[in-house]
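>>> Starting from these lines, generate the structure:
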Amino acid sequence: MKYIIKNINDFTTEDIDKFYDKIYKEKKEKIAKYKNNITKVRSIIGEIILSELLTKNKLSYNDLKYNINEYGKPYIKNKNLFFNISHSFDYVVVAISNNEIGIDIEKVRKTSLNIINKIATKKEKKYILSTPNKINERIFKIFTLKEAYFKMLGKDLKKLLEIEFIINNNNVVCSNKKVKAGFINVVDGYVIAYCKKIEI
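Numbering: from 1, shown residues only. Here you go, the predicted structure:
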């Protein structure tokens, strides 16, 4: 897995407008449907970063053929390469891999404790609640892992309690043994989690 994370404030309006025309049709159509302008901007920046990451790996963004599955996950049709994009507030992260990959970034913020029952198994709840001064951070650690997991699968977030993550310090074990999961600690105040399929 290789990744790039960038702050959206590092991009000018000119950078964003210039790249927009290079974006593949299906993604353009998806971006056009966003009502929130900042979401559009983040999405375009995600494509800019993807292009940069591909170039670093001797691939051309515009030489690849893309499509979007029924759940809205984009994929490459003509290359055995997988990618995923996530954004939250000021940051966008993009990852590529030779195996199916999901990545998620979230800014840690105060959230309702009611969400714990919706996202966490019994063991995950114990992990979240065991350190009172880190509850919000741990909620987002569990949530980003699950988001990354279902993004890896290319599915929506409907069965959050069917997958479990055990976190010991920053070591992560997924209940699906065909998945490697972990965190990328590069931006203070944010949690970035990834899941990728592995060969057993």
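
>>> Output the lowest mean pLDDT helix or strand found in this structure.
strand 66-68 (a mean of 84; mean pLDDT, DSSP states H and E).

>>> for the helix or strand following it, packing partners?
Next in sequence after strand 66-68, counting helices and strands by DSSP states H and E, comes strand 74-76. With contacts defined as 3 or more C-beta pairs under 8 Å, 6 or more residues apart in numbering; DSSP states H and E, strand 74-76 has these neighbours: strand 66-68, strand 82-88. Where you see a C-beta, it was placed from the backbone N, CA and C, and this is true even at glycine.

>>> The helix or strand following the longest one - contacts with which helices or strands?
By that I understand strand 82-88. Later in the chain than strand 82-88, the nearest helix or strand by DSSP H and E is strand 91-97. Where contact means 3+ C-beta pairs under 8 Å, 6+ apart, strand 91-97 is packed against strand 2-7, helix 37-56, strand 82-88, strand 101-107, strand 190-197.

>>> swap the cut-off to 6 Å and go again
strand 2-7, helix 37-56, strand 82-88, strand 101-107 (3 or more C-beta pairs under 6 Å, 6 or more residues apart in numbering; DSSP states H and E).

>>> For residue 103, list each beta-bridge partner.
Assessed by DSSP bridges, residue 103 has beta-bridge partners residue 194.

>>> In contact with it: list those residues for me.
Residues in contact with residue 103 (C-beta atoms under 6 Å, 6 or more residues apart in numbering) are 84, 86, 93, 95, 148, 194.

>>> Report how many residues lie close to the third one.
For residue 93, the number of neighbouring residues by other C-beta atoms under 10 Å comes to 24.

>>> Test for you: state the pLDDT assigned to it.
Here the pLDDT value assigned to residue 93 is 98.

>>> wait, isn't it in contact with residue 4?
No. With contact defined as C-beta atoms under 6 Å, residue 93 and residue 4 do not form a contacting pair (7.2 Å).

>>> quick revisit: need the winner for burial among the helices and strands packed on strand 74-76.
strand 82-88 (a mean of 23; mean count of other C-beta atoms under 10 Å).

>>> Pairing partners for it, with directions?
strand 91-97 (antiparallel).

>>> quick check, distance from the partner strand to the centre of its chain.
7 Å (C-alpha atoms, centre = their mean, to the nearest Å).

>>> same deal with stretch 18-31?
19 Å.

>>> Identify each buried residue in it, please.
19, 23-24, 27, 31 (16 or more other C-beta atoms under 10 Å).

>>> can you list contacts of that stretch?
So stretch 18-31 is contacted by 40, 43-44, 47-48, 66, 68 (C-beta under 6 Å, 6+ apart).
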